[in-house]
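Q: Sequence below, structure please.
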Amino acid sequence: MLSFLQQIVLRWKLFYLYTVFLILMSVLPINSGSSINHIFLVSIRLDYLLHCLVYIPLVAFTWIDKEIISTWTVKAFGWIMALLLFAAVTEWVQYFLPYRAFNINDLLANALGVTLGILVLTLVRLKLKK
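A: Presented below is the predicted three-dimensional model:
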């Protein structure tokens, strides 16, 4: 069983690894064939759904700091703004990369993923209070 300090260190490491993963997925020349852009699930392009889904876990890493989930503080608001900014910047950077393309719908899907993650975290927080 991990000690409390070891758990916090592990959570921070996971947070950084996942953040690096998202950055790499945003800037590496992958999906150049655009085959994923032609797959639709319930009239939603699969790549937009994936953009949304990969940002939901990022919000879960705010569990690193118990204060964030215990009350809505300025610190919690700062985390939310930082996550939304990160979601926007990872898409914006693609505008400057010749092998990637900026897409406003991807940006909206990133922000939706952060928003859904916040909703899930809020629901879990309320459930834990009971």
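
Q: Mind pulling up the pLDDT for the residue most central in space within the chain?
A: For the chain, the residue nearest the mean C-alpha position is Tyr55 (2.2 Å; C-alpha atoms, centre = their mean). Looking at Tyr55, its pLDDT stands at 91.

Q: So it, which state does it fall into?
A: helix (DSSP: H, G, I helix; E, B strand; the rest coil).

Q: Can you pull the phi/psi pair for Leu97?
A: Dihedral pair for Leu97: phi -100, psi 120, per degrees, to the nearest 10.

Q: coming back round to it: so where does the nearest residue to the residue nearest to the centre of the chain once chain neighbours are set aside fall, helix or strand?
A: Spatial nearest neighbour of Tyr55, excluding adjacent residues (C-beta to C-beta, 6 or more residues apart in numbering): Gly113 at 2.9 Å. Where you see a C-beta, it was placed from the backbone N, CA and C, and this is true even at glycine. Element membership of Gly113, judged by DSSP states H and E, is helix 104-129.

Q: do the same with Leu24
A: Going by DSSP H and E, Leu24 is part of helix 4-27.

Q: contacts for that helix?
A: Residues outside helix 4-27 that contact it (C-beta atoms under 8 Å, 6 or more residues apart in numbering): 2, 54-55, 57-58, 61, 63-64, 86, 90-91, 93-94, 97, 100.

Q: First-to-last residue distance for stretch 95-111?
A: The first and last residues of stretch 95-111 sit 17 Å apart, counting by C-alpha to C-alpha, to the nearest Å.

Q: er, stretch 94-103 actually
A: 9 Å.

Q: What average pLDDT does that stretch get?
A: 86.

Q: Tell me which residues are up against that stretch.
A: Residues contacting stretch 94-103 (C-beta under 8 Å, 6+ apart): 26-27, 29, 32, 91-92.
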